[in-house]
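Asker: Okay, structure incoming, though there's no sequence with it:
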């Protein structure tokens, strides 16, 4: 192909592409030319801290990347540094609650979630953090109150609905659990956790066929959903119920 034809083809490919999209494409190409460290969020924010060590935001962003990378133990120090620089920094306490929750330090997670709520009482997310930590500590009342507060702040919060359903399941209120799970399913029919929890509910109610169907649906949405696969395998391995009359 000659160079003139190639140029015409390249121009043709660009025809109809909006300027913002074109700029994004150009930036993506440029990014490939940069050092790989700029593609790594952890390294990126470490470099940002090196360039601006007295700003709290890079420390929180670094911690968020570490938490996402399943390195929550490493997130604590930068978050504490951010809090020392800005004691009223909501995001720092929210991420601390998440990090401590990941590490199984649920009392510390409660403390930091409550501080986040103090700073931003309208935050649905901080109430979810508080509820999960309280639930893991066995405080059913505080967990339910926190999840209810989250739902009051965001009636479309699937996370709040799921957790409220879980609390009703633990209280053996299966009808109440069904209502919360059903509402969550209406909001997000493809949410794997909702589908899994509905399977658990049907299993508790003794409907094996329905439970299998829900677990299968959860696995279609998330093929690596280990709990759903284990429960499904366990149900499928059960012997079929006997058919026939009442022999003597």
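Answerer: Received it, and whenever you're ready, just let me know what you need. Everything numeric in this text was worked out from a predicted model, so none of it was measured. Numbers count the residues shown, from 1 in each chain.
Asker: What score does the spatially most central residue of the chain have for pLDDT?
Answerer: Nearest to the geometric centre of the chain sits residue 159, at 8.5 Å (Cα atoms, centre = their mean). On the pLDDT scale, residue 159 is placed at 97.
Asker: any idea which element it lies in?
Answerer: helix 158-170 (DSSP states H and E).
Asker: roughly how far is that helix from the heart of the chain?
Answerer: Counting by Cα atoms, centre = their mean, to the nearest Å, helix 158-170 is centred 15 Å from the centre of its parent chain.
Asker: List the buried residues in it.
Answerer: 158-169 (16 or more other Cβ atoms under 10 Å). Quick note: C-beta positions are derived from backbone N, CA and C, even for glycine.
Asker: and what of stretch 118-132?
Answerer: Of the residues in stretch 118-132, those buried (16+ other Cβ under 10 Å) are 119, 123-132.
Asker: Also stretch 208-222?
Answerer: 211-215, 217-219, 221-222.
Asker: rewinding a little: Serialize the buried residues of stretch 118-132 to a markdown table and add fields for pLDDT, distance to residue 48 and secondary structure.
Answerer: Converted to a markdown table, these look like this (pLDDT from 0 to 100; distance: Cβ to Cβ, whole Å; DSSP: H, G, I helix; E, B strand; the rest coil):
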| residue | pLDDT | distance to residue 48 | secondary structure |
| --- | --- | --- | --- |
| 119 | 97 | 23 | helix |
| 123 | 93 | 25 | coil |
| 124 | 95 | 28 | helix |
| 125 | 95 | 24 | helix |
| 126 | 96 | 25 | helix |
| 127 | 98 | 30 | helix |
| 128 | 97 | 28 | helix |
| 129 | 97 | 25 | helix |
| 130 | 98 | 30 | helix |
| 131 | 98 | 33 | helix |
| 132 | 97 | 30 | helix |
